[in-house]
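1. Any chance you can model this:
(one chain, ligands or ions: 1)
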Amino acid sequence: MTNKNLSLENLDEEFYQVTPEILESFPRFRLPLNLYIFKENVAQLEPYYRAEQRLTKEKREELFELSEEGLIFVARADHHIYAKHISKQLDLVLVDKNLKPSEIIEIFQIALTRRIHEFYEQPVKPTFEKLVSDISVLIEYLWEDQYRLKGLIKNLLTTYSLPNMAYNAGIIGIALFYDVQGKNLTKKHLTQIALGLFTYDLGLARLPKILLEKKQNLTPEEQNKINNHPLNGAKILRKLDITEAVTLQCHLEHHEYMDGSGYPRKLSGADISLSGAITALAHTFSEILTQNDPTPPTREILNKLSGMKNKYNPNLISSLSKIFIHDLMK
Ligand SMILES: [Fe+2]
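-> Below you'll find the model as predicted:
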């Protein structure tokens, strides 16, 4: 694609070029945002299309030709519209070279929390496959450049919801796996782990809301339901043909503690798998981050976790501190 005179000051700051692939992903004849055309004779952008107007077939063809030549732009001010749209077809993130890292992070947040929410609401093959597909895009994005993880780590979500918790646990857990396993990690293995991390509280999400919000003491039967949620999450995944231990352990062991005081199996020490130990720590970090007002500073959360070495793997606590403090200060 011909790249037109983009060295013009500020152009890249305020607008980004739209590729035919991106245009293709919009509704065919009614686009949700304004488009601008680069006029070569005056070397500036002019309005080309007003949002929501109907495109004729001819105008649509012309638009694609112009975009092929690199002449069509959208305003960065419309990023929120663009982000919502692109988040529904996340693989576009990998081809759109005009997005800034901060914009990509926002798109991943929108896409993944929505997919997790949809899967938690209806844990069936179609919602599961969409989630797997978006997780694969994230892994591909990180595989191209591992340092991109830093941006995601710096921008975890601070409001509480089960999908937000799962998103945070996914990002933190991936960072921990990278740190612990380094070069031994394969893309396939990382994807399997991420799948467990991004869905670890499925069993809890399937419990009736009235039970989750109950303030009074729980009956033994209700307590039993809560205690069994890790098993139920794994059970649903197995029904969806997920058999990999690294994925299932994220569900099964995310409430197990080093000293054996966790549930449902009261595992302890080395009996807890790496996936389980990482998910437990990522879950608690995310819980402290999202369930306190005001949001505590990272250092305070890390200090709190450092005092809980009886519950969480001390090596993982050190690794987490390294990721958040040492790595972020580089
Ligand atoms: Fe849980």
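
2. which residues of this structure fall in strands?
-> 15-17, 35-39, 44-49, 72-75 (DSSP state E).

3. and the last one, what does it pack onto?
-> Read that as strand 72-75. Secondary-structure packing of strand 72-75 (3 or more Cβ pairs under 8 Å, 6 or more residues apart in numbering; DSSP states H and E): strand 15-17, strand 35-39. (Glycine included, C-beta is placed from N, CA and C.)

4. Looking at these, which is nearest to the ion?
-> Smallest distance to the ion across the helices and strands packed on strand 72-75 (Cβ to the ion): 40.0 Å, for strand 15-17.

5. The closest one pairs with which strands, and in what direction?
-> Its sheet considered, strand 15-17 pairs with strand 72-75 (antiparallel) by DSSP bridges.

6. what's in contact with the partner strand?
-> Outside strand 72-75, the residues that touch it by Cβ atoms under 8 Å, 6 or more residues apart in numbering are 14-18, 23, 33-38, 45, 48, 63, 66, 82.

7. I'd like to know which of those are buried.
-> Among these, those that count as buried by neighbour count (16 or more other Cβ atoms under 10 Å) are 15-18, 23, 33-38, 45, 48, 63, 66, 82.

8. Quick check: Tyr200 touching Ala169?
-> Yes. Between Tyr200 and Ala169 there is a contact at 6.0 Å, judged by Cβ atoms under 8 Å.

9. Show me whatever sits in contact with both of the two.
-> Joint contacts of Tyr200 and Ala169 (Cβ under 8 Å, 6+ apart) are Thr279, His283.

10. Which one's more surrounded, these two?
-> Of the pair Tyr200 and Ala169, Tyr200 is the one with more neighbours under other Cβ atoms under 10 Å, namely 32 against 29.

11. Report the contact partners of the more buried one.
-> By Cβ under 8 Å, 6+ apart, the contact set of Tyr200 is Ala166, Ala169, Gly233, Cys250, His251, His254, Thr279, His283.

12. My guess is the fourth one contacts Ile193. True?
-> Yes. A contact is recorded between Cys250 and Ile193 when judged using Cβ under 8 Å, the distance being 7.2 Å.

13. which of the two has more neighbours?
-> Relative neighbour count places Cys250 above the other of Cys250 and Ile193, with 35 against 27, counting by other Cβ under 10 Å.

14. Against Gly196, how distant is that one?
-> Taking Cβ to Cβ, to the nearest Å as the measure, Cys250 falls 3 Å from Gly196.

15. Need the overlap of contacts for these two.
-> Jointly contacting Cys250 and Gly196 under the rule Cβ under 8 Å, 6+ apart are Ser275, Thr279.

16. Which pLDDT value belongs to the residue nearest the centre of the chain?
-> Geometric centre of the chain, nearest residue: Leu112, 4.3 Å, by Cα atoms, centre = their mean. For Leu112, the model assigns a pLDDT of 98.

17. who's in contact with it?
-> The neighbours of Leu112, taking Cβ under 8 Å, 6+ apart as the test, are Leu131, Asp134, Ile135, Leu138, Tyr167, Gly170, Phe198.

18. ok, now Phe26?
-> Contacts of Phe26 by Cβ under 8 Å, 6+ apart are Pro32, His85.

19. what about the residue of the stretch 51-200 of the chain found nearest the ion, distance to Glu103?
-> Among all residues of the stretch 51-200 of the chain, Tyr200 sits closest to the ion, at 6.8 Å; criterion: Cβ to the ion. In this structure, Tyr200 and Glu103 are 28 Å apart, going by Cβ to Cβ.

20. same deal with Tyr141?
-> Plainly put, Tyr141 is 13 Å away from Glu103 if you go by Cβ to Cβ.

21. just to revisit the earlier point, need the strands of the chain in TSV with distance to the ion and mean pLDDT, can you?
-> Below are those laid out as TSV (distance: least, Cβ to the ion, whole Å; pLDDT from 0 to 100):
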stretch	distance to the ion	mean pLDDT
strand 15-17	40	87
strand 35-39	45	93
strand 44-49	48	92
strand 72-75	41	93
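
22. Show the pLDDT at the residue lying closest to Ala277 once chain neighbours are set aside.
-> Nearest non-adjacent residue to Ala277, counting by Cβ to Cβ, 6 or more residues apart in numbering: Asn313, 4.5 Å away. Residue-level confidence at Asn313 comes out at 97, pLDDT.
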